[in-house]
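>>> Sequence first, then the predicted structure, then my questions.
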Amino acid sequence: LPIQAPDVSQCQLADGGGNQINCCPPYKSNSKIIDFKLPSPTSPMRVRPAAHLVDSAYLNKYRRAVQLMRELPASDPRNFMQQANVHCAYCDGAYDQVGFPDLELQVHNSWLFFPWHRYYLYFNERILGKLIGDETFALPYWNWDAQAGMRLPSIYTTPSTSLYDALRDAKHQPPKVIDLDYNLTDQNLPDQEQIDQNLTTMYRQVVTNNTPELFLGAAYRRGDQPNPGAGSLENVPHGPVHLWTGDRTQPNIEDMGTFYSAGRDPIFFAHHGNIDRLWYIWQTKVAAKNNSGFKDTDWLDAAFLFYDENAQLVRVKVRDCLDNKLLRYTYQEVDIPWLRKRP
Ligand code: C2O
C-alpha cells in the first residue's frame, strides 16, 4: 500500500542537528484538507529561468517576493521560515507514518524524493507569485550542470537582500567552480579540469542510470522502514551541492548542508529547481518512453500535505505531478553539454 499523507495534528519535535526543534506547521483541528486539483490548462505557463541568466527586472521581482514572504506573520504557513520548516518536518522525524507510531516518515532516500520536492517547489512558487500578484512568476534554477552555471549564482550573494543567507561556505563564493562530487574536501583543481569532471559526473548519474529504480530511488511503501535507498541523482550531485553550499564552520554545515535548515537558504529552491529540471530531462530525453516512471500504485498514490498560496491545506498524490507541463511550469532551455555522449 502507498505511504499516506501525515496526520498534522500528530506532528512532533524534530531532530534539528542534535537539538529538538519544532518545525511543525500551524494547524487547527478544524482545518479542512482539500484534494489537489491540477491548475487550469489555460492558466499561464511559468517558465523557470536559469539563475545566471536573469535580468534585473526579474531579479527585482524575485527579491521582492521573497522579502514579502519573510514579512508574513510567523504563524502564517506561507511565511518564509514556515516554508523552510516544511522541509524539516518531512525530513527530520516530525511525522510518523499514519498508523505506525514508531515509523518515521522520510521523503529522502527513496522513490518519494523527486515527487515530494516537486510539490514543495510548486507551492512555494505559487505563494511567491501570489505575494507579488504575478501568475507567471517562476522560481529560478541553478544550472550547475553546465559550465556557465557552475558557480554559486551571483543573485544570491548580495548581503542585506532577501536572497542572501549568511550561512554559506566562505571558500565557495564566486568565481569558485563547484565540485558536483564534493565530499567536504576541496580538490582545488584547475577550473577546466573541474568542469570536465563535473560533466562526466552528470553523464554517469543521469544517462547511465536509465531505469526508474536506478534514477528515482528504491520503493518505499506503507509500513516500510525509512531510507530504503536513494536514486543516482539524489546521491550525486544533489547531496554534494548541499554540502558544498553550506557553511563548513557550522556544526551541521548549516544552512544547506543539513535537512532541518536547508530550506532557510533561498538558494535551496534554485538547487531543487535544477534537480526537478533534471528529472524532466531524464523523463523526456533519457528514459525509455514506456519506462520513465514506476507503474506501481504504491508510488502513484503516495500522498503528502502542503499549504497552498491561499494557506489552504492540500492533499497531493504522486500521480498528479509526473508531468510538469500539466502543473503549468517548464524550464528555460539551455544547452545540455553532458547529455549526448560521455564527456
Ligand atoms: Cu530535501 Cu535537497 O533535500
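Thanks, I have the structure now.

>>> going forward, measure contacts between C-alpha atoms and count neighbours the same way
OK.

>>> Now do the longest helix seen in the chain: distance to the chain's middle.
Longest helix in the chain by number of residues, with DSSP state H as the criterion: helix 113-131. For helix 113-131, the gap between its own C-alpha mean and the chain's C-alpha mean amounts to 9 Å (Cα atoms, centre = their mean, to the nearest Å).

>>> got it, and stretch 194-201?
Averaged over its C-alpha atoms, stretch 194-201 has a centre that lies 22 Å from its chain's centre (Cα atoms, centre = their mean).

>>> Show me which parts of that stretch are buried, residue by residue.
For stretch 194-201, the buried set under the neighbour-count rule, 16 or more other Cα atoms under 10 Å, comprises 194-195, 197-201.

>>> Of those residues, which belong to helices?
Checking those against DSSP H, those in helices are 194-195, 197-201.

>>> Adding distance to A288 and pLDDT, write these out as JSON lines.
Output for those, formatted as JSON lines (distance: Cα to Cα, whole Å; pLDDT from 0 to 100):
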{"residue": "Q194", "distance to A288": "30", "pLDDT": "98"}
{"residue": "I195", "distance to A288": "28", "pLDDT": "97"}
{"residue": "Q197", "distance to A288": "26", "pLDDT": "97"}
{"residue": "N198", "distance to A288": "25", "pLDDT": "97"}
{"residue": "L199", "distance to A288": "22", "pLDDT": "97"}
{"residue": "T200", "distance to A288": "21", "pLDDT": "96"}
{"residue": "T201", "distance to A288": "21", "pLDDT": "97"}
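
>>> any idea where the strands of the stretch 51-200 of the chain begin and end?
In chain order, the stretch 51-200 of the chain shows strands spanning 96-97, 100-104, with DSSP state E, counting those that start in this stretch as the criterion.

>>> Please identify the pairing partners of the shortest one and their relative orientation?
Strand partners for strand 96-97, identified by DSSP bridges, are recorded as strand 100-104 (antiparallel).

>>> roughly how far apart are the closest residue to D7 other than its chain neighbours and G217?
In space, and not counting its chain neighbours, D7 is closest to V98: 6.5 Å by Cα to Cα, 6 or more residues apart in numbering. Using Cα to Cα, to the nearest Å, one gets 22 Å for the distance from V98 to G217.

>>> What of Q20?
Counting by Cα to Cα, the separation of Q20 from G217 is 29 Å.

>>> who's more crowded, those two?
Under the criterion of other Cα atoms under 10 Å, the comparison of Q20 against G217 puts G217 first, with 25 against 13.

>>> pretty sure the more buried one contacts N227?
No: G217 is beyond contact range of N227, at 9.7 Å (criterion: Cα atoms under 8 Å).

>>> what's the overlap in contacts for these two?
In terms of Cα atoms under 8 Å, 6 or more residues apart in numbering, G217 and N227 are both contacted by the residues 109-110.

>>> count of residues packed around Y122?
By other Cα under 10 Å, the residues close to Y122 number 22.

>>> Distance-wise, check the residue nearest to the spatial centre of the chain relative to D7.
Here the mean C-alpha position of the chain is nearest to the C-alpha of H272 (Cα atoms, centre = their mean), at a distance of 3.5 Å. Remark: distance between H272 and D7 (Cα to Cα) = 26 Å.

>>> do the same with N290
Using Cα to Cα, one obtains 35 Å as the distance from N290 to D7.

>>> And for P25?
Counting by Cα to Cα, the gap from P25 to D7 is 11 Å.

>>> Give me the nearest residue to F304, chain neighbours excluded.
What sits nearest to F304 in space, not counting adjacent residues and going by Cα to Cα, 6+ apart, is A5, at 4.3 Å.

>>> where does that neighbour land in three-state SS?
Each residue gets one of three states, and A5 gets coil by DSSP: H, G, I helix; E, B strand; the rest coil.

>>> can you redo the buried residues of stretch 194-201 as TSV with distance to L327?
Rendered in TSV, the data for the buried residues of stretch 194-201 read as follows (distance: Cα to Cα, whole Å):
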residue	distance to L327
Q194	35
I195	33
Q197	34
N198	30
L199	29
T200	31
T201	30
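
>>> Tell me the one of the residues you listed nearest R248?
Nearest to R248 among those, counting by Cα to Cα, is Q194 at 20.4 Å.

>>> ok, back up a step: most tightly packed of the strands of the stretch 51-200 of the chain?
strand 96-97 (a mean of 22; mean count of other Cα atoms under 10 Å).

>>> Could you pull up the mean pLDDT of that one?
Here the mean pLDDT over strand 96-97 is 98, rounded to a whole number.

>>> and what of stretch 280-299?
Stretch 280-299 shows a mean pLDDT of 96 in the predicted model.

>>> how far is that stretch from where the chain is centred?
Averaged C-alpha coordinates place stretch 280-299 at 19 Å from its chain's average position (Cα atoms, centre = their mean).

>>> got the contact list for that stretch?
In contact with stretch 280-299 (Cα under 8 Å, 6+ apart) are residues 1-3, 111-112, 206-207, 210-212, 216, 219-221, 300, 318-319, 324.
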